[in-house]
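Visitor: Fold the following for me, if possible:
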Amino acid sequence: MRLVHTLHHFPWEIAPCAGLAAASQDAHEARGRGDVVTQLETLNRVDHADLRMRTGLEGSYPHFVPIVVGEFPAAASCCPIFFAKDASTGQFYAAALFGFEPGELLVEGAERGDAVFRPLELQRQGFHLSDDNISIDINHLRFNGGTAALFEAGEPSDTLRRIQRVLGELHAGFEATRAFVRELLALKLVEPVDITLSFDDGSSLTLDGLYTVSRDALAELDDSAITALFRNGHLQAALCMSFSLNQVAVLASKRNRRLAE
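Guide: As a prediction, this is how the structure comes out:
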């Protein structure tokens with residue numbers, strides 16, 4: 001068994017951004033670890049031949065989940081997508097909003113772990129990339145009381161192969177998302193968005209530290225810039241992100257109904 005010291009981190013694993021995202025990620029990581037010390041091991045068929053995992057995502061959803069650009073169409077079908085900044089680097093990353101504050105899930109099915117959109121970041125919980133290997137956090141709750149085997153007859157099971165695909169999609173998606181953000185910034189299409197919500201019980205919420213695609217700036221682009229965005233797939237992603245803001249009102253309506261119950 002070899003302990004892992006160097007990992008290829010996704011940006012949100014290093015330092016979640018301040019405010020909304022940080023509160024969500026801190027709570028999410030605490031739930032996943034079960035408040036125990038993280039212990040990373042290189043996954044292998046000898047030491048982990050009998051290891052089993054939970055496949056469901058119940059209890060896994062934080063209210064603000066990092067996603068990659070390839071997930072935008074699915075995410076936009078049920079939740080708003082925003083950019084947030086990594087606190088340590090100032091770099092943007094994308095995330096989907098499932099609720100307005102920690103512990104709140106407003107997207108249908110999220111509390112049961114079967115929302116129509118299942119972020120890759122949640123599907124890979126407990127697994128990390130380590131050089132050319134996969135490492136696992138052996139103390140993660142996902143490996144406590146699970147029933148799905150990772151190896152069968154010494155070979156990766158279908159469950160593990162799905163995790164491998166998820167990690168591959170995340171790795172490629174991270175690079176694609178960085179390219180998407182770079183192009184939006186070069187075209188000055190990213191703008192901050194301040195959202196204040198008022199509810200029938202007299203309470204209110206303000207969401208800050210969030211950014212989106214400027215519809216006005218997008219409309220002012222010349223034909224050559226629009227064509228370039230279209231050809232590299234970034235126009236679709238930008239529109240998904242922009243129009244996903246309509247989901248804020250949907251989630252607010254659901255929250256209002258809950259408050260009235």
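Visitor: what sits against residue 127?
Guide: Residues near residue 127 by C-beta atoms under 8 Å, 6 or more residues apart in numbering: 43, 134-137, 163, 166-167. Backbone N, C-alpha and C define where each C-beta goes, glycine included.
Visitor: Throw those residues into CSV and include neighbour count, secondary structure and distance to residue 64, thanks.
Guide: As requested, these are arranged in CSV below (neighbours: other C-beta atoms under 10 Å; DSSP: H, G, I helix; E, B strand; the rest coil; distance: C-beta to C-beta, whole Å):
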residue, neighbour count, secondary structure, distance to residue 64
43, 23, coil, 28
134, 20, strand, 26
135, 22, strand, 25
136, 24, strand, 25
137, 21, strand, 21
163, 22, helix, 23
166, 19, helix, 19
167, 19, helix, 21
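Visitor: center of this protein - which residue?
Guide: Nearest to the geometric centre of the chain sits residue 66, at 2.5 Å (C-alpha atoms, centre = their mean).
Visitor: my guess is that one meets residue 124, correct?
Guide: No - taking contacts as C-beta atoms under 8 Å, residue 66 lies outside contact range of residue 124: 11.1 Å.
Visitor: Using PDB, list the CA coordinates for the helix or strand where the residue nearest to the centre of the chain lies.
Guide: Assigned by DSSP states H and E, residue 66 falls within strand 64-67. Presented in PDB, the C-alpha positions along strand 64-67 are these (Å, rounded to 0.1, in the frame of the first residue of the first chain):
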ATOM      1  CA  PHE A  64     -23.000  25.100  -4.700                       C
ATOM      2  CA  VAL A  65     -21.200  22.400  -6.900                       C
ATOM      3  CA  PRO A  66     -18.200  23.000  -9.200                       C
ATOM      4  CA  ILE A  67     -18.800  21.800 -12.800                       C
END
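Visitor: Return the set of buried residues in that strand.
Guide: Buried positions in strand 64-67, judged by neighbour count with 16 or more other C-beta atoms under 10 Å: 64-67.
Visitor: repeat for stretch 69-79
Guide: Here stretch 69-79 shows 69-72, 74-76, 78-79 as buried, counting by 16+ other C-beta under 10 Å.
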